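> Whatever this is, show me its structure:
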Amino acid sequence: MSLEPQRARVGECDTPTCTDEAETITPEGYVCSSCASAIAAEYERARERDREAGGR
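Alright, predicted model coming up:
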């Protein structure tokens with residue numbers, strides 16, 4: 001096992017298990033539209049959990 005960081009693949013999604021072409025910059029990296037949608041959904045679920053817990 002190498003401790004050297006993985007190199008980014010230019011033009012490909014930053015999600016480790018995805019090989020689609022990247023097209024959107026997100027807080028998680030440069031990702032494809034499918035991964036961007038999944039990230040957005042997770043952020044929305046977190047926002048809802050925060051609202052239910054009394055946060056803003």
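
> Just the element for the residue lying farthest from the centre of the chain, please.
Checked against the mean C-alpha position of the chain, the extreme residue using C-alpha atoms, centre = their mean is G54, at a distance of 25.9 Å. Under DSSP states H and E, no helix or strand contains G54.

> Next: R47.
Residue-wise, R47 maps onto helix 33-52 under DSSP H and E.

> Pretty sure T24 sits against S33.
Yes. Look at T24 against S33 with C-beta atoms under 8 Å: they come within range, at 6.3 Å. Placement of C-beta: from N, CA and C, glycine included.

> quick one: which of these two has more around it?
Taking other C-beta atoms under 10 Å, T24 and S33 do not tie; T24 has more neighbours (17 against 13).

> gap between the residue nearest to the more buried one when sequence neighbours are not counted and R49?
Closest residue in space to T24, ignoring its immediate chain neighbours: A36 at 4.1 Å, by C-beta to C-beta, 6 or more residues apart in numbering. In this structure, A36 and R49 are 21 Å apart, going by C-beta to C-beta, to the nearest Å.

> okay, these two: which has more neighbours?
Set side by side, A36 and R49 show unequal neighbour counts under other C-beta under 10 Å, the larger going to A36 at 20 against 10.

> need the contact list for E28.
Counting by C-beta atoms under 8 Å, 6 or more residues apart in numbering, E28 makes contact with D14, T15, C35, I39.

> Buried among these? Need that as a selection in ChimeraX.
Written as a ChimeraX command, the selection of buried residues from the contacts of E28, which uses 16 or more other C-beta atoms under 10 Å, is:
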select :14,15,35,39
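
> Show me the shaky parts of this protein.
Within the chain, the ranges that satisfy pLDDT under 70 run 1-10, 55-56.

> Next, give phi and psi for the residue nearest the centre of it.
To find the centre residue of the chain, average its C-alpha atoms and take the closest one (C-alpha atoms, centre = their mean): that gives E28, at 3.9 Å. When read as degrees, to the nearest 10, the backbone of E28 gives phi -90, psi -10.
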